[in-house]
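**Student:** From the sequence below, what's the structure:
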Amino acid sequence: MLGKLRSARRRRGLAAVGVIALATLTLSGCSKSNAAKVDLNQAKPKTLRMLYASTEADSAAVMALVPAFKQKFGIDLQIDSQAQPGLQTKAFAELASRSSAYDIMIVDSSWMPSLVGKLEPLNSYLTNSSLNDMANTDVGDFIPKVFYDTSVYNPKNILAHYPDPAAKVDPAAIKAKGFDIYNLPIQANVLVQANRMDLFNDLAQKAAYQAEFGKPLQVPKTLDEYRQVAKFFTQPDKKLYGTTVMAGVGDWATDDFKSLLADYGGNGELVGDNLSMDFNSAAGVKALTYYRTLITDGSVPPGSTSADWNTTAEAFDSGTTAMTQNYHTVALNKGVQGTIGYSLAPSGTASGPHFGTWGLAVNPYGKNKAWAYRAMTWLTAATQQLSMTKDMLHPTRTSVYKDVESQAKNPSLVEFYKVMGQALAVGVGRPRLSNYTEVAQAIAVAVNQAATGKSDPASALSSAASQVKRLVEQAGIKPGQ
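**Tutor:** Presented below is the predicted three-dimensional model:
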């Protein structure tokens, strides 16, 4: 299973956050009030069309369900699968032109601050029993952190996160707090750690570690242990390094940093709902200083200050590192002997691995909204999500992570899903900024500046905070907006 997905998973980390300025500006004039009302008694259409992501949201898994969908609904499901960045351009353009070409549209959580008010609100759909007759919708089964971060927004204050992101999902409570639901999560990606268990279990390595540190060698659970184990496994004579970092300028570096920021007790969302620059803090300096030490210790491969999701995975796959952190499964290259295990990324005083999610939304200008919603409930239901794990879907429901152990035959996959479910339960998403692309880039530059030693962490973050404030002001984003 892993082998056939090797080429695909390279692009299946977190969705790229494209810069679609023109589409965003055009969307600002689009209003859901212009959309057609939903007909609860709408006749069944012959075809539903869905705009979907390609490998980023595991299109293969969804396409595998098309025959079963036809059997269940008596409707042809046509899937137009596109990759980033063209997908975002396409989705925004469809909404801006009020096109009815697609009934269902996939959206990335990073797009949502620009799309609230442009997508069909779903709270009234979820509470209408006549529209939930094709699947066990059971929104209470969605992982709370995932659902609230991805799907739940206050249309009068888009910056605001739901006040209780650990609460069991309840549409009535969501409505009572002034929020609504704009999509149903289908694919979640979260930071997890992969470990070369053959190295951790090697008797010579275990004896050497015990002799040097006076304690057993084990997969690290804390940041201090992680640094120590990474230094230990850095053995140039064996062409081996301890771990990886994604310190190249890009949102991968921002993702690395925000996870560490949360680990040190800071706000892993980087920017507060009141637009406070929370990343420019004592916790931020500690996080970036720690990140820099992994590089100065020599515990990462050469070139790590320009690395991204792909290059870190390739370093691990080639047998160059003992550990890595990424958003998908990894697999050792042919000829590299070893075994892989998965674990939660080490924590500090707290924990908050970065995550991002894809959700299915109803096109408010579509002609088959009632059936589009029914299709979404079926595609995101636990039964279908569990089936799609055979093609490596990253589920969004609590029950699926509990049940997947009985489905997956590969012990490594069982462990991956177990760890992924645990990570999503405590994960941290992004700030709700319509210009997050630019904000993430500014922070990524700061991470890179500190990683390369061109700036100290405090100065780099201070400079980034000034730039982010300017970006927010230029975008016209204000607290409570």
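**Student:** okay, CA-based contacts and neighbour counts for the rest of this
**Tutor:** Will do.
**Student:** thinking residue 299 is in contact with residue 245, fair?
**Tutor:** No - taking contacts as C-alpha atoms under 8 Å, residue 299 lies outside contact range of residue 245: 9.6 Å.
**Student:** who's more crowded, those two?
**Tutor:** Between residue 299 and residue 245, counted using other C-alpha atoms under 10 Å, the more crowded position is residue 245 (29 against 25).
**Student:** For residue 204, see how far away that one is.
**Tutor:** Residue 245 sits at a distance of 27 Å from residue 204 (criterion: C-alpha to C-alpha, to the nearest Å).
**Student:** tally of neighbours for residue 410?
**Tutor:** Residue 410 sits with 12 neighbouring residues when counted by other C-alpha under 10 Å.
**Student:** same question, residue 351
**Tutor:** Using other C-alpha under 10 Å, residue 351 has 24 neighbouring residues.
**Student:** Report pLDDT for the residue lying closest to it once chain neighbours are set aside.
**Tutor:** The shortest distance from residue 351 to any non-neighbouring residue, by C-alpha to C-alpha, 6 or more residues apart in numbering, is to residue 263 (4.4 Å). pLDDT recorded at residue 263 is 98.
**Student:** Residue 263: neighbouring residues, count only.
**Tutor:** The local packing of residue 263 (other C-alpha under 10 Å) involves 26 other residues.
**Student:** Tell me the spacing between it and residue 349.
**Tutor:** Look at residue 263 and residue 349: by C-alpha to C-alpha, they are 6 Å apart.
**Student:** which one's the longest helix in the protein?
**Tutor:** Criterion DSSP state H: the longest helix present in the chain is helix 457-474.
**Student:** C-alpha coordinates for that helix, PDB please?
**Tutor:** The C-alpha coordinates for helix 457-474 follow below in PDB (Å, rounded to 0.1, in the frame of the first residue of the first chain):
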ATOM      1  CA  PRO A 457      15.400  34.900  17.100                       C
ATOM      2  CA  ALA A 458      14.100  37.900  19.000                       C
ATOM      3  CA  SER A 459      15.100  40.400  16.300                       C
ATOM      4  CA  ALA A 460      13.700  38.100  13.600                       C
ATOM      5  CA  LEU A 461      10.400  37.800  15.200                       C
ATOM      6  CA  SER A 462      10.200  41.500  16.100                       C
ATOM      7  CA  SER A 463      10.800  42.400  12.500                       C
ATOM      8  CA  ALA A 464       8.200  39.900  11.300                       C
ATOM      9  CA  ALA A 465       5.700  41.300  13.700                       C
ATOM     10  CA  SER A 466       6.100  44.800  12.300                       C
ATOM     11  CA  GLN A 467       5.700  43.400   8.800                       C
ATOM     12  CA  VAL A 468       2.600  41.300   9.700                       C
ATOM     13  CA  LYS A 469       1.000  44.400  11.300                       C
ATOM     14  CA  ARG A 470       1.500  46.300   8.100                       C
ATOM     15  CA  LEU A 471       0.100  43.400   6.000                       C
ATOM     16  CA  VAL A 472      -3.000  43.300   8.200                       C
ATOM     17  CA  GLU A 473      -3.500  47.000   8.000                       C
ATOM     18  CA  GLN A 474      -3.100  47.000   4.200                       C
END
